[in-house]
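Student: how would this look folded up:
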Amino acid sequence: MTAPIANQFSTDRNQERQEVLTPAPRGWFPSLTWAQRASAVLLAALVLFALAGPLAWPDHAAQDLSRFLDAPSLQEPLGRDHLGRSVIARLAHATQLSLLMALLCVGTALLLGTLAGITAAWRGGWTDTILHGLSEAFISLPALLVVLIFSALANGELWSLYVGLALAQWVEYFRMIRSRSGLLLAGPAVEAAGLLKLGSVHIVRRHLWPELRPLLTTMATFGLGSSILALSTLGFVGVGVRPPTPELGQMVTEAFPYYHEAPWMSLAPVLVLVTILTGLLGLRNKESRP
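Tutor: Alright, predicted model coming up:
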């Protein structure tokens, strides 16, 4: 037993020394493929629009019925809707809302699911049984049903949609992290680190995190797209964000009756959704590709 422990200790020391001596990479962007670079540029442009758009067109709720379905112009690149509201102002605010909600929901689900998964795999016993049973109860319910329940309880408030979307997604992270962590914690490297009393921080930093990071990145990428689609679906069927707060799915529904007179009203939010999903799928890590 002494020889494997010594070898593991020596390996960890050599890895730490190599990290110190290895020169820093040139950067994140040059290491991407051309498809990933194009996706990153698309997402960056969309994020810039979500940040700068509400500043350039701050009033998304102002109505002017005399400008009913105004055509696009230099001042209003996407014209006015059926209530005389600025379409580009509503689109900018809706894009910002969708991105922020998706980031909050995925961040919460990732943190909760990862901590619960590692805890269940590490502690085992009753802790694992309780957390696993809780996850089975959540996974037996359709994700949109969970969101609808919370949305109905709070009458479409933003916080209820946030809680519902986060609770609907944490189970995916929990199940994957619990399964992967269980295999890693049972390996000889972690066993040797435990016998050497290197501590839980060392085990997480040196053995769990390097293996879990690519998995979490891939899951978070798809989670962002799923959250935005779920939020848009709820808005499309009229049970999402309450008017007059603009939301992408809600904008599509409101623009449908006027598609022949003003097709840009419904095409603009659809184009934003397509751009977001295309960018996220194209930006997947190499580890997630077959």
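
Student: so the one residue sitting closest to the centre of the chain, which of the three states?
Tutor: Centroid check for the chain by CA atoms, centre = their mean gives residue 224 as the closest residue, at 2.6 Å. Of the three states, residue 224 takes helix under DSSP: H, G, I helix; E, B strand; the rest coil.

Student: put the alpha carbons of the strand or helix carrying residue 134 into PDB.
Tutor: For residue 134, the host element (DSSP states H and E) is helix 125-139. Listed next in PDB are the C-alpha coordinates belonging to helix 125-139 (Å, rounded to 0.1, in the frame of the first residue of the first chain):
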ATOM      1  CA  GLY A 125     -26.000   6.200   3.300                       C
ATOM      2  CA  TRP A 126     -29.100   8.100   4.400                       C
ATOM      3  CA  THR A 127     -27.900  11.300   2.800                       C
ATOM      4  CA  ASP A 128     -27.700   9.600  -0.600                       C
ATOM      5  CA  THR A 129     -31.100   7.900  -0.100                       C
ATOM      6  CA  ILE A 130     -32.900  11.100   0.800                       C
ATOM      7  CA  LEU A 131     -31.400  13.200  -2.000                       C
ATOM      8  CA  HIS A 132     -31.900  10.400  -4.600                       C
ATOM      9  CA  GLY A 133     -35.600  10.000  -3.500                       C
ATOM     10  CA  LEU A 134     -36.100  13.800  -3.700                       C
ATOM     11  CA  SER A 135     -34.700  13.800  -7.200                       C
ATOM     12  CA  GLU A 136     -36.900  10.900  -8.300                       C
ATOM     13  CA  ALA A 137     -39.900  12.900  -7.100                       C
ATOM     14  CA  PHE A 138     -38.900  15.900  -9.200                       C
ATOM     15  CA  ILE A 139     -38.000  13.900 -12.300                       C
END
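
Student: grab the nearest non-local neighbour of residue 69.
Tutor: Spatial nearest neighbour of residue 69, excluding adjacent residues (CB to CB, 6 or more residues apart in numbering): residue 262 at 4.9 Å. C-beta: built from backbone N, CA, C; applies to glycine.

Student: got a list of what that neighbour touches?
Tutor: 69, 71, 79, 81, 255 (CB atoms under 8 Å, 6 or more residues apart in numbering).

Student: mind checking which of these are in helices?
Tutor: residue 255 (DSSP state H).

Student: buried residues in stretch 74-81?
Tutor: For stretch 74-81, burial by neighbour count (16 or more other CB atoms under 10 Å) applies to 76, 78-81.

Student: OK, contacts around the residue nearest to the centre of the chain?
Tutor: 102-103, 106, 276, 280.

Student: rewinding a little: ok, which pair from the buried residues of stretch 74-81 is furthest apart?
Tutor: Greatest spacing in the buried residues of stretch 74-81, by CB to CB: 76 and 81 (10.4 Å).

Student: which residues do the two both contact?
Tutor: Common neighbours of residue 76 and residue 81, counting by CB under 8 Å, 6+ apart, are residue 87.
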